[in-house]
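Trainee: how would this look folded up:
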Amino acid sequence: MSDYTLRATVPSTFDKAENAIREELADVGFGILTEIDMAATLKAKLGVDIPRQKILGACNPRFAHRATQADPSIAALLPCSVVVREIDDTTTLLEAFDPAAMASLSPANAEIADVATEVRGLLRTALDRAAAR
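Mentor: Now for the predicted structure:
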């Protein structure tokens, strides 16, 4: 596991965990802008099979605006990636890029640090709530 992600293990199926994290992200102000089905893409492009995995590009417009006003180049790190990864038939891992890692790329910028702290809290809340369902 990494030091640059937030994680929650969900004792449920992939589909239920995906629905839960989508709902919980919406509840804390995030919309899903992009979606990449890694298993389908790798099967189509490389002919390889992997467990089900999706990358959701989650965005909270208010925080995205604040961050890009403080440092326009931070847009290269948006939207927030939230991964839904099947471990087995009854266990799913939810993982999100930790905004604190983003803040470390702009250490002298207090506004980026503030945004990262707030977004980190919202993502942690969404992950925890999805895992508790």
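
Trainee: and the longest strand for this structure?
Mentor: strand 80-88 (DSSP state E).

Trainee: Show me how far that one is from its chain's centre.
Mentor: 8 Å (Cα atoms, centre = their mean, to the nearest Å).

Trainee: mind listing what the helix or strand just after that strand pairs with, with the direction of each?
Mentor: Scanning forward in sequence from strand 80-88 by DSSP states H and E, the next helix or strand is strand 91-97. Strand pairing for strand 91-97, using DSSP bridges, gives strand 5-10 (antiparallel), strand 80-88 (antiparallel).

Trainee: Can you list the neighbours in contact with strand 91-97?
Mentor: The contact list for strand 91-97, computed with Cβ atoms under 8 Å, 6 or more residues apart in numbering, reads 4-14, 16-18, 21, 58, 77, 80-87, 123, 126-127, 130-131. Where you see a C-beta, it was placed from the backbone N, CA and C, and this is true even at glycine.

Trainee: same deal with stretch 122-132?
Mentor: Here stretch 122-132 makes contact (Cβ under 8 Å, 6+ apart) with 6-10, 17, 20-21, 23-25, 27-30, 58, 60, 80, 82, 94, 96, 98-99.
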